[in-house]
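**Student:** A structural model of the following input is requested.
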Amino acid sequence: MLKSMGAAKQAVHVNVGSDADLPVAKSAASGRNILPIVEGVVLVAALLAPLVLQDYLTVFATRVIILALFALSFDLVWGYAGIMSFGQALFFGSAGYGVALLARDLDITNILLVLPAGTIIGLASALLLGGFLLLGRHPSSVIFVSLGTLTGSYAADRLARGWYYLGGQNGIPSIAPMSLGGYEFTEGPAFYYLVLGILVVVYLLCRFLVRSQFGLALAGLRENEQRIAFFGYKAQKAIIFTIGGAISGLAGSLYAFHEGFVWPNMVGVVVSTQVVLYVLFGGSGTLIGAVIGTVIVEGVSFWLSDNYRDVWPIILGLLLLLVILFRPLGLISFVLGERERVGSFGAKPKEKRNAAP
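**Tutor:** Modelled structure (predicted):
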């Protein structure tokens, strides 16, 4: 076991290389931990937002936070495990449809039932698809997984559009609000803080996961899958893919109740591509980059669509292209060095030097 973990560490360090080979930000060069500061600033801003925003902007901010939770799931599977999932919306939309059917057919809207149900739907969907794509005899190529997840998302979209029970092209409208006892969660500050609290809890769990020994194995698989798989670390990719599906299912459940309806696009290719852009723009493999990318992309889209209604998609596309071309590590790379993005495992080099005789 120790040899296996040592191999994982070596695989990570070999690919990270020396400090001279990496685009290290000033913060990393000075030895400061900037990541907690960035996370704290984002959290404080999120907590204060409803106090300064108008009502309709609070509703918009709630939607953005739900999408940030969705982006978090994709960053977990791509940024940390190297799984390019072009079908992440499959789990997001499946859970949305599942809780919508519970509300419509069984009149179940209790938050203690519908959110776990949506999470389980996302988890089960990801488990089935991940087992097929990732647990073969030989390591799955990036192209195979990308096309496999893309095909799953496209097939789900066509199924939803052609199935009358799911509402066909129109989806399922007029979903009853989530409830807890006699209280109903409608659009506004209460729903906002509920979603924000869920995002914070999931974020902390993901942060703990990627900084654990399990996260070290994921990093090794991402950097050198064949070498790490030789030591028995193979199922980790399927596990993290399943966890990502569960988080997507949770986000899809919240999105369905917040919007009040679900439609085929929620499981389709467009939403799957949208979440990829969030993470690319903010910076993959950081978690907080996915959140920041979602907020900026959605915020800029909202502003452009309001001020440049005819050409805003073109302007947004150009902005995204410029960021991807000139900052391939995302906007987060302006403040985080590569060392802090990758993370550290085990004792710090300074501590090792002090321990030496």
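**Student:** contacts, neighbours, all on C-alpha from now
**Tutor:** Will do.
**Student:** find the helix or strand that the residue nearest the centre of the chain is a member of.
**Tutor:** The centre of the chain sits closest to L72, judged by C-alpha atoms, centre = their mean, with a distance of 2.2 Å. Element membership for L72, per DSSP states H and E: helix 55-78.
**Student:** just the CA trace of that helix, in CSV.
**Tutor:** Extracted C-alpha coordinates of helix 55-78, given in CSV (Å, rounded to 0.1, in the frame of the first residue of the first chain):
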residue,chain,number,x,y,z
ASP,A,55,-35.4,41.0,-5.7
TYR,A,56,-35.1,39.9,-9.4
LEU,A,57,-31.3,39.8,-9.1
THR,A,58,-31.5,37.7,-6.0
VAL,A,59,-33.6,35.2,-8.1
PHE,A,60,-30.9,35.3,-10.8
ALA,A,61,-28.1,34.8,-8.2
THR,A,62,-29.9,31.8,-6.8
ARG,A,63,-29.9,30.2,-10.3
VAL,A,64,-26.2,31.0,-10.7
ILE,A,65,-25.3,29.3,-7.4
ILE,A,66,-27.2,26.2,-8.4
LEU,A,67,-25.3,26.2,-11.7
ALA,A,68,-22.1,26.7,-9.7
LEU,A,69,-22.9,23.5,-7.8
PHE,A,70,-23.4,21.8,-11.1
ALA,A,71,-20.0,23.1,-12.3
LEU,A,72,-18.4,21.9,-9.1
SER,A,73,-19.4,18.3,-10.1
PHE,A,74,-17.7,18.7,-13.5
ASP,A,75,-14.5,20.1,-12.0
LEU,A,76,-14.4,17.2,-9.7
VAL,A,77,-14.4,14.6,-12.5
TRP,A,78,-12.4,16.5,-15.0
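**Student:** chain center to the next helix or strand after it: distance?
**Tutor:** Moving toward the C-terminus from helix 55-78, the next helix or strand (DSSP H and E) is helix 88-105. Mean-position distance between helix 88-105 and its chain equals 18 Å (C-alpha atoms, centre = their mean, to the nearest Å).
**Student:** which other helices and strands contact helix 88-105?
**Tutor:** For helix 88-105, the packing partners by 3 or more C-alpha pairs under 8 Å, 6 or more residues apart in numbering; DSSP states H and E come out as helix 111-134, helix 142-162, helix 235-259, helix 269-282.
**Student:** try it again with 6 Å
**Tutor:** Contacting helix 88-105 under the criterion 3 or more C-alpha pairs under 6 Å, 6 or more residues apart in numbering; DSSP states H and E are the following elements: helix 111-134, helix 235-259, helix 269-282.
**Student:** buried sites along that helix?
**Tutor:** Neighbour-count burial for helix 88-105 flags 88-104 (criterion: 16 or more other C-alpha atoms under 10 Å).
**Student:** near the closest residue to L76 other than its chain neighbours, how many other residues are there?
**Tutor:** The spatially closest residue to L76, leaving aside those adjacent along the chain, is G244, at 6.4 Å (C-alpha to C-alpha, 6 or more residues apart in numbering). G244 is flanked by 28 other residues according to other C-alpha atoms under 10 Å.
**Student:** surely G244 touches S73?
**Tutor:** Yes: between G244 and S73 a contact is recorded at 4.5 Å, counting by C-alpha atoms under 6 Å.
**Student:** about what we covered before: which of the helices and strands packed on helix 88-105 sits most buried?
**Tutor:** helix 235-259 (a mean of 26; mean count of other C-alpha atoms under 10 Å).
**Student:** helix, strand or coil for I108?
**Tutor:** coil (DSSP: H, G, I helix; E, B strand; the rest coil).
**Student:** gap between the residue nearest to it when sequence neighbours are not counted and A246?
**Tutor:** Leaving out its chain neighbours, the residue that sits closest to I108 by C-alpha to C-alpha, 6+ apart is L102, at 5.4 Å. Distance, L102 to A246, by C-alpha to C-alpha, to the nearest Å: 18 Å.
**Student:** same question, S333
**Tutor:** Taking C-alpha to C-alpha as the measure, S333 falls 28 Å from A246.
**Student:** so how far is the helix holding L72 from its chain's centroid?
**Tutor:** Between the centre of helix 55-78 and the centre of its chain there are 9 Å (C-alpha atoms, centre = their mean).
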